[in-house]
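1. sequence below, structure please.
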Amino acid sequence: MSDDGDRGVRVTSEGGVARVMLCRPERRNAFDDQVVARLSEVVAALAKDDAVRVIVLEGEGKVFSAGADLEWMRRMVTADRETNVADSLRLADLFEAIHCAPKAVIAKVHGAALGGGAGLVAAADIAIAAEGTKFGFTEARLGILPSVISPYVVMRLGAGAARRWFLTGQRMDAAEAHRIGLVHEVVPADELEAATLRMAFEVLQCGPKAVAASKELVEDVVGGLAMAGSLENGFDAVKDYTAQRIAEARVSQEGQEGLKAFLEKRKPRWAE
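-> Below is the predicted model:
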């Protein structure tokens, strides 16, 4: 699977790994409504493609993504509230699609990830950054909010850290992003590609259905605890739910293959 960068997004796929590249280097890979629409199409298609097991998000040129495109923001300034709501919902749908895709999503980050670009990092499952990369939730400095990315940033950082970075709009370096949990690994710039491929390889050793179910599990456990009303009720509900999920996994075709492969000291079919 490949395309030539239609509407600012290039897609290539090989060996179960789809590379989704923002390719507007002249605009610092800032995204507008056309890029949002194209990214949404791409993620939706990859989510349904059984041959794809890992999605890598990356940016062409000097930076990962500078966030929202200036011309797009200029158009939205003069648009009415209804148009702004519809536009924002399309962006929110994109972040949700990335976060909920039944594949592992790895953000390969370099240069800078600002505003919505940092939101892409938070929405991904795994983030690897090059040393020297700058991050920032800079919206408040423009008098606006990091609104549609906030669910993923708060889940990643926690409420306290999110407030600190949202309220100041400050930029942070890769080491700080790693310390607060926005990224999972920081490597020298010339090792970023290799580190990303190593992480993709680790995912490919796991059952594809187990990867998708593990993503659901995290969301369901967090949601169950949050909605229970009390810690005791939450743990009781989650305990029953998790017991059901592991039982289902053990008797599933993929679970049976994985357990038998382990006992027989061989690789499971998906990792061969």
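2. can you give me the strands for the stretch 1-150 of the chain?
-> 9-14, 17-22, 54-59, 104-109, 112-114, 126-130, 134-136 (DSSP state E, counting those that start in this stretch).
3. now the second one against strand 9-14, angle please.
-> Relative orientation of strand 17-22 versus strand 9-14 (axes from the mean of the first three to the mean of the last three CA atoms, to 10 degrees): 170 degrees.
4. any weak-confidence spans in this protein?
-> 1-6, 224-234 (pLDDT under 70).
5. middle-most residue in it, spatially?
-> Computing the C-alpha centroid of the chain and ranking residues by CA atoms, centre = their mean puts Ala124 first, at 1.2 Å.
6. quick check: that one vs Val109, distance?
-> Distance, Ala124 to Val109, using CB to CB, to the nearest Å: 9 Å. Every residue, glycine included, has its C-beta placed from N, CA and C.
7. what does Val203 give?
-> On the measure of CB to CB, Val203 and Val109 end up 17 Å apart.
8. more neighbours: which of these two?
-> Per other CB atoms under 10 Å, whichever of Val203 and Val109 has more neighbours is Val109, with 32 against 19.
9. picking that back up, show me what contacts the residue nearest to the centre of the chain?
-> Leu57, Ile98, His99, Val105, Ile106, Ala107 (CB atoms under 8 Å, 6 or more residues apart in numbering).
10. in a markdown table: the residues you listed, plus distance to Ala140 and neighbour count.
-> Below are the contacts of Ala124 laid out as a markdown table (distance: CB to CB, whole Å; neighbours: other CB atoms under 10 Å):
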| residue | distance to Ala140 | neighbour count |
| --- | --- | --- |
| Leu57 | 25 | 24 |
| Ile98 | 23 | 25 |
| His99 | 23 | 17 |
| Val105 | 27 | 26 |
| Ile106 | 28 | 25 |
| Ala107 | 23 | 29 |
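11. list just the nearest of the residues you listed to Glu272.
-> Nearest to Glu272 out of these is Ile106 (CB to CB; 21.9 Å).
12. bridging residues for the closest one?
-> On the basis of DSSP bridges, Ile106 is bridged to Val56, Ile126.
13. pretty sure it contacts Ile128?
-> Yes - assessed by CB atoms under 8 Å, Ile106 is found in contact with Ile128 at 6.7 Å.
14. between these two, what contacts are shared?
-> Counting by CB under 8 Å, 6+ apart, the residues touching both Ile106 and Ile128 are Thr196, Met199.
15. measure the nearest residue to Ser252 once chain neighbours are set aside to Thr168 for me?
-> Nearest residue to Ser252, sequence neighbours excluded (CB to CB, 6 or more residues apart in numbering): Lys209, at 7.1 Å. Applying CB to CB, the value for Lys209 to Thr168 is 42 Å.
16. repeat for Ala51
-> Counting by CB to CB - Ala51 and Thr168 are separated by 44 Å.
17. more neighbours, those two?
-> Thr168 (14 against 11).
18. count of residues packed around the nearest residue to Ala79 once chain neighbours are set aside?
-> Leaving out its chain neighbours, the residue that sits closest to Ala79 by CB to CB, 6+ apart is Asp87, at 7.3 Å. Counted with other CB under 10 Å, the neighbours of Asp87 add up to 16.
19. ok, Asp87 touching Asp33?
-> Yes - judged on CB under 8 Å, Asp87 makes contact with Asp33 at a distance of 6.5 Å.
20. quick one: the helices in this structure?
-> 33-48, 70-77, 81-100, 116-123, 150-157, 159-168, 174-179, 192-204, 208-227, 231-251, 253-263 (DSSP state H).
21. give me the buried positions along the last one.
-> By 16 or more other CB atoms under 10 Å, the buried positions in helix 253-263 come out as Glu254, Gly255, Gly258, Ala261.
22. next: the shortest one.
-> For helix 174-179, the neighbour count (16+ other CB under 10 Å) marks Ala174, Glu176, Ala177, His178 as buried.
23. how much space separates the third one from Met76?
-> Same thing as Ala177. 28 Å.
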